[in-house]
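**Student:** Mind folding the following:
(one chain, ligands or ions: 1)
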Amino acid sequence: MTVAIKLIEDADFQALRAYVYDTCGIALDNSKHSLVSGRLQPVLAREHIATYREYIDRVRADTTGRLRSELVDRLSTNHTFFWREADHFDFLARVALPAVIGARRRAQSKTLRIWCAASSAGQEPYTLGALAMEALGVDYASWDAGVLATDISAPVLERAREGIYDNDDVQRLPEPLRKRHFDRLPDGRWQANRRLRDELTFRRLNLMSPRFPFKQPFDVVFIRNVMIYFDMPTKLALMDRLAAVMRSGAFMFIGAAESLPPDQRQFESVRPGVFRKP
Ligand SMILES: C[S@@+](CC[C@H](N)C(=O)[O-])C[C@H]1O[C@@H](n2cnc3c(N)ncnc32)[C@H](O)[C@@H]1O
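**Tutor:** Here you go, the predicted model:
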């Protein structure tokens, strides 16, 4: 049996649109009434909420952030997979990590900080952690290195912390990485091994936060396939906040379908999707 979609009224759609833009930076197209209705109707049914107006009021009043997190989950996509846009990982391993590690060594510092700023279910940050371990080799243990993985969505972060993935997904990783950093589980799935999991910290963070709460600057930032939801003014302001938490010479990676605002002055282009703070 198909359930008829109750279309959101335009006034409620505009209120919702303004809310997700202000709180999450997501710029919803002005014609997405039926998409929004289709994705939110199950939530209204589950929560026994009669109207979209009441739903918006409930999301606003929800101090736990649970409803807002679910709203973002439903309006954006958490889709991710291992080794996505593979040339980024190749460039990271061949060029970017050796460059930043060399710079840290010359500065006589043994810190290496990597931020995965829209980590979704963890495939991307575990890969970054594994590549950092590979790049430092036996020296890794004597370095203060690690990956901070953040996302606005609490459910994906929970999955990411577990680090358990289907066989098909993990097969995308080059075999040496898979063998060294993942364990096969009895049910055929794979889990990031304990050593790798210990190198990652998962935190909930909204990229629209006015200031990022980090004390140490980052050497590498992956912020891929999230800015696609943001409009130019939002991206421009985000560039300032990102640059403020990155070291000079740090690399930033963005998704293949994304671009930086043409008038940003914080980063110089290195190659498609890769930028560097001068
Ligand atoms: C398509 S996934 C990208 C995952 C991974 N970076 C990749 O490229 O495969 C987009 C992620 O951005 C997150 N997201 C959306 N808006 C956000 C915001 N304002 N702050 C932080 N994360 C956000 C979503 O929850 C989702 O997990």
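**Student:** This structure - how does it break down into domains?
**Tutor:** 10-75, 86-276 (automatic domain parsing).
**Student:** and Tyr165, how many neighbours does it have?
**Tutor:** 24 (other Cβ atoms under 10 Å). Every C-beta, even on glycine, is put in place using the N, C-alpha and C of the backbone.
**Student:** Begin at 448 from now on, thanks
**Tutor:** Sure thing, new numbering starts at 448, so read that last one as Tyr612.
**Student:** pLDDT wise, what is the residue at minimal distance from the centre of the chain at?
**Tutor:** Residue closest to the mean C-alpha point of the chain, counted by Cα atoms, centre = their mean, is Ala565 at 0.8 Å. The model reports Ala565 with a pLDDT of 97.
**Student:** wouldn't it be in contact with Tyr676 here?
**Tutor:** No: judged on Cβ atoms under 8 Å, Ala565 makes no contact with Tyr676 at a distance of 9.6 Å.
**Student:** State the helix or strand in which the nearest residue to Phe714 once chain neighbours are set aside lies.
**Tutor:** Nearest non-adjacent residue to Phe714, counting by Cβ to Cβ, 6 or more residues apart in numbering: Phe722, 3.8 Å away. Per DSSP states H and E, Phe722 falls inside strand 721-723.
**Student:** Flag every residue of this protein that's near the ligand.
**Tutor:** 471-473, 519, 523-527, 531, 565, 567, 571, 598-600, 603, 653-655, 671-673, 676, 702 (Cβ under 6 Å from any ligand atom).
**Student:** Other residues contacting the helix or strand containing Leu689?
**Tutor:** Assigned by DSSP H and E, Leu689 belongs to helix 679-691. Residues outside helix 679-691 that contact it (Cβ atoms under 8 Å, 6 or more residues apart in numbering): 468, 472, 474, 564, 654-659, 668, 670, 674, 677, 699, 707-708, 710-711, 713-714, 724.
**Student:** same thing but 10 Å
**Tutor:** Defining contact as Cβ atoms under 10 Å, 6 or more residues apart in numbering, one finds that helix 679-691 is touched by 468, 471-474, 562, 564, 654-659, 661, 664-665, 668, 670, 673-675, 677, 697, 699, 701, 705-714, 722, 724-725.
**Student:** the strands in the protein, which residues?
**Tutor:** 558-563, 591-598, 611-612, 629-631, 637-639, 647-651, 665-670, 693-701, 715-718, 721-723 (DSSP state E).
**Student:** nearest to Arg513, of the ones you listed?
**Tutor:** Comparison of the strands of the chain against Arg513 by Cβ to Cβ identifies strand 647-651 as nearest, at 11.3 Å.
**Student:** Just the mean pLDDT for the closest one, thanks.
**Tutor:** pLDDT averaged over strand 647-651 gives 97.
**Student:** Against which helices or strands is it packed?
**Tutor:** When contacts are defined as 3 or more Cβ pairs under 10 Å, 6 or more residues apart in numbering; DSSP states H and E, strand 647-651 sits against strand 558-563, helix 570-583, strand 591-598, helix 601-609.
**Student:** List the neighbouring strands of that strand plus their orientation.
**Tutor:** strand 591-598 (parallel) (DSSP bridges).
**Student:** Now the strand it pairs with: buried residues?
**Tutor:** Across strand 591-598, burial judged by 16 or more other Cβ atoms under 10 Å covers Ala592, Gly593, Val594, Leu595, Ala596, Thr597, Asp598.
**Student:** thinking again about what came up before, return the subset of the contacts of helix 679-691 lying in helices.
**Tutor:** Tyr468, Cys471 (DSSP state H).
**Student:** hmm, which of the contacts of helix 679-691 are the buried ones?
**Tutor:** 468, 471-474, 562, 564, 654-655, 659, 664-665, 668, 670, 673-675, 677, 697, 699, 701, 705, 707-708, 711, 713-714, 722, 724.
**Student:** Is Leu518 in contact with Leu475, as I believe?
**Tutor:** No: applying Cβ atoms under 10 Å as the test, Leu518 and Leu475 come out as separate, 11.0 Å apart.
**Student:** got a list of what Trp637 touches?
**Tutor:** With contact taken as Cβ under 10 Å, 6+ apart, Trp637 is in contact with 529, 610-614, 616-618, 620, 625, 628-631.
**Student:** With that, I have no additional questions.
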